[in-house]
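Undergrad: Quick one: sequence plus predicted model below, questions after.
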Amino acid sequence: MKTLKQTNILIFAVPAMLLAVAFFCNLFVEGFNWSLPDFVIAGILLFGTAFVISLVVNSKKSFSSKLIICGIVLLVLILIWIELAVGIFGSPFAGS
């Protein structure tokens, strides 16, 4: 059984690895051009999501409700990310 510390390390390692991959892609891939604000926003979104998921996983709720809440949190992350990237909703902060 995983301890609380191991679970939290795993939860926060995923956004760190995603940002590291994005950083190295920014260095070596031609069409990948993120600026510093892009990395800051991505870090806030990814680590904020990891924090909320950590709170949900460590709560006393049943497994099925934890799964549903984490799914909703990830869906919100994906929708915000897509909106920032291509602007599917046409909000003022939409990308491209």
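TA: On my side now, so go ahead.
Undergrad: so where's this protein uncertain?
TA: Residues of the chain meeting the criterion pLDDT under 70: 1, 95-96.
Undergrad: Can you show me the helices along it?
TA: 4-28, 36-57, 63-86 (DSSP state H).
Undergrad: and of these, who's closest to F93?
TA: Counting by C-beta to C-beta, F93 lies closest to helix 63-86 out of these; the figure is 6.8 Å. Any C-beta I mention is one placed from the backbone N, CA and C, and that applies to glycine too.
Undergrad: Just the buried residues of stretch 73-82, please?
TA: Residues 73, 77, 80-81 are the ones in stretch 73-82 that count as buried (16 or more other C-beta atoms under 10 Å).
Undergrad: sorry, that was for stretch 10-29
TA: Applying 16+ other C-beta under 10 Å to stretch 10-29 flags 11-12, 15, 22 as buried.
Undergrad: Stretch 63-72 too?
TA: Neighbour counts over stretch 63-72 (16+ other C-beta under 10 Å) mark 66, 69 as buried.
Undergrad: cool, and stretch 79-94?
TA: Neighbour-count burial for stretch 79-94 [16+ other C-beta under 10 Å]: 80-81, 83-84.
Undergrad: quick one: contacts for I82?
TA: Applying C-beta atoms under 8 Å, 6 or more residues apart in numbering to I82 gives the contacts I88.
Undergrad: do the same with S59
TA: S59 makes contacts with K66, as judged by C-beta under 8 Å, 6+ apart.
Undergrad: From I11, how far off is it?
TA: Distance, S59 to I11, using C-beta to C-beta, to the nearest Å: 13 Å.
Undergrad: and what of F23?
TA: Counting by C-beta to C-beta, the gap from F23 to I11 is 20 Å.
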